[in-house]
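Structure for this input, please:
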Amino acid sequence: MIQLPTEENIPFTKIRKKFSELFAYLKRVRPIEGGLIEMTPSGFKVNKPIQQKHTPQFHPMVRTSVDEAGGADASGTKLFIKTGYVYGPWDYSGSDSDRLNAINQFPFEPKIGTTLLSADETPSLTLEPGYTNFILLKIDWHQRVDVIGKSGSGGSFIIAPSLLVNSSVTIDGTTHAVSITSSDASTHNGVIVELSETNYYINNVSIISQTSENMPQENGSTYILMGHYTLDNFGGPTDSRWFLEGPVWTHKHPRVVDSTTDASDRTEPPAPIDPSGLSLSDLHDIPGYVETG
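Numbers count the residues shown, from 1 in each chain. A predicted model of the protein is given here:
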């Protein structure tokens with residue numbers, strides 16, 4: 001028959017010490033996902049598994065500040081934004097071989113001022129006390145123009161003419177003969193329409209803050225309302241709403257225009273439409289926004 005050890009022969013002190021060392025090791029390296037066993041005065045306790053919290057891209061965090069006297073620093077409220085990315089077209093060098101970049105998507109990391117969101121010294125926006133601060137994602141576009149409809153000059157195609165060669169056309173009651181001379185007959189095929197395609201690509205992405213309720217209108221830039229924070233006169237947030245959580249995909253459709261016109265005939269990029277009577281605080285009129293509660 002097996003003889004059990006007597007109570008005085010069990011080295012409880014050594015067991016407790018070794019268990020504590022093992023528990024400290026497991027807690028430090030965590031070789032297995034899940035809860036850990038903990039020794040308590042009432043017995044062993046199994047802790048719940050650690051739940052890793054996922055923070056989405058562009059997640060905001062506001063920090064208030066105090067002055068030297070320990071009071072609220074009204075001008076010290078900062079908004080920090082987690083690193084996020086804007087996907088859009090990119091033009092590497094402007095050469096014809098890179099034209100396909102206009103339909104691909106590349107990641108762009110926004111800046112606050114001149115500092116990337118992922119910089120070691122995290123940038124922040126200073127929020128104005130006593131106002132509603134509107135946070136905007138600003139996307140700056142550049143453009144490149146490709147001639148796509150000029151015969152004999154490297155274009156990709158021409159538009160079929162509706163006016164036949166060596167025929168006549170009547171303008172204001174007067175008949176005009178239309179013909180092609182032998183000097184240019186080898187490079188022209190009737191009436192040619194010259195076209196150019198303007199493709200847009202991202203040049204810079206930044207995040208700004210403003211207290212004006214008017215949406216910025218700037219040629220060559222797209223603004224996205226990320227959210228807004230209202231502060232009291234002491235710099236404390238009293239109301240907020242955040243819309244953007246996750247990456248952003250953006251693209252501007254190319255424009256096909258008559259390549260014989262120049263900047264004096266049209267604006268490039270096209271000027272935005274003036275949203276008369278619409279302000280950032282008038283959220284009821286923004287498509288896709290539904291007020292709840």
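
Surely D239 is within a strand?
Yes: assigned with DSSP: H, G, I helix; E, B strand; the rest coil, D239 falls within a strand.

show me the contacts for it.
Neighbouring residues of D239 by Cβ atoms under 8 Å, 6 or more residues apart in numbering: 132, 229-230. Using the backbone N, CA and C atoms, a C-beta is placed for each residue, glycine as well.

from those residues, which single one is nearest T13?
Ranked by distance to T13 (Cβ to Cβ), the contacts of D239 are led by Y229 at 57.2 Å.

For that closest one, identify the helix or strand it belongs to.
In this structure, Y229 sits in strand 221-231 according to DSSP states H and E.

Pull out the buried residues from that strand.
By neighbour count, with 16 or more other Cβ atoms under 10 Å as the criterion, the buried positions of strand 221-231 are 221-223, 225-231.

Distance to N214 for these - can I get that in JSON lines?
Compiled in JSON lines, the buried residues of strand 221-231 are given as follows (distance: Cβ to Cβ, whole Å):
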{"residue": "S221", "distance to N214": "14"}
{"residue": "T222", "distance to N214": "16"}
{"residue": "Y223", "distance to N214": "11"}
{"residue": "L225", "distance to N214": "12"}
{"residue": "M226", "distance to N214": "17"}
{"residue": "G227", "distance to N214": "17"}
{"residue": "H228", "distance to N214": "14"}
{"residue": "Y229", "distance to N214": "18"}
{"residue": "T230", "distance to N214": "17"}
{"residue": "L231", "distance to N214": "19"}
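
Export those residues as JSON lines, with columns for distance to F23 and pLDDT.
Formatted as JSON lines, these follow (distance: Cβ to Cβ, whole Å; pLDDT from 0 to 100):
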{"residue": "S221", "distance to F23": "57", "pLDDT": "90"}
{"residue": "T222", "distance to F23": "55", "pLDDT": "91"}
{"residue": "Y223", "distance to F23": "54", "pLDDT": "93"}
{"residue": "L225", "distance to F23": "50", "pLDDT": "93"}
{"residue": "M226", "distance to F23": "45", "pLDDT": "94"}
{"residue": "G227", "distance to F23": "44", "pLDDT": "93"}
{"residue": "H228", "distance to F23": "48", "pLDDT": "94"}
{"residue": "Y229", "distance to F23": "44", "pLDDT": "94"}
{"residue": "T230", "distance to F23": "48", "pLDDT": "93"}
{"residue": "L231", "distance to F23": "46", "pLDDT": "93"}
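
Tell me where the stretch 101-250 of the chain has strands.
Taking DSSP state E, counting those that start in this stretch as the criterion, the stretch 101-250 of the chain carries its strands at 106-108, 111-112, 115-116, 125-126, 132-147, 168-171, 174-177, 195-210, 221-231, 237-242, 248-249.

Out of these, which gets the lowest mean score?
Among the strands of the stretch 101-250 of the chain, strand 168-171 carries the lowest mean pLDDT, a mean of 70.

Which strands or helices does the strand holding Y229 pack on?
Using 3 or more Cβ pairs under 8 Å, 6 or more residues apart in numbering; DSSP states H and E as the contact criterion, the neighbours of strand 221-231 among helices and strands are strand 60-63, strand 132-147, strand 237-242.

Report the angle between the second one and strand 221-231.
Between the axes of strand 132-147 and strand 221-231, defined by axes from the mean of the first three to the mean of the last three Cα atoms, to 10 degrees, the angle is 170 degrees.

what pairs with strand 132-147, and is each one parallel or antiparallel?
strand 195-210 (antiparallel), strand 221-231 (antiparallel) (DSSP bridges).

Kindly export the first one (C-alpha atoms) in PDB.
Presented in PDB, the C-alpha positions along strand 195-210 are these (Å, rounded to 0.1, in the frame of the first residue of the first chain):
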ATOM      1  CA  LEU A 195      -9.300  64.900 -78.200                       C
ATOM      2  CA  SER A 196      -7.400  64.900 -75.000                       C
ATOM      3  CA  GLU A 197      -8.000  63.000 -71.800                       C
ATOM      4  CA  THR A 198      -7.300  64.600 -68.500                       C
ATOM      5  CA  ASN A 199      -6.400  62.100 -65.700                       C
ATOM      6  CA  TYR A 200      -6.200  63.100 -62.100                       C
ATOM      7  CA  TYR A 201      -3.900  61.600 -59.400                       C
ATOM      8  CA  ILE A 202      -3.300  62.300 -55.700                       C
ATOM      9  CA  ASN A 203      -0.500  64.800 -54.900                       C
ATOM     10  CA  ASN A 204      -1.000  65.200 -51.100                       C
ATOM     11  CA  VAL A 205      -3.400  64.200 -48.300                       C
ATOM     12  CA  SER A 206      -3.700  66.200 -45.100                       C
ATOM     13  CA  ILE A 207      -6.100  66.700 -42.100                       C
ATOM     14  CA  ILE A 208      -7.200  70.200 -41.100                       C
ATOM     15  CA  SER A 209      -9.500  71.800 -38.600                       C
ATOM     16  CA  GLN A 210     -11.700  74.900 -39.000                       C
END
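
Thanks again, I'm all set now.
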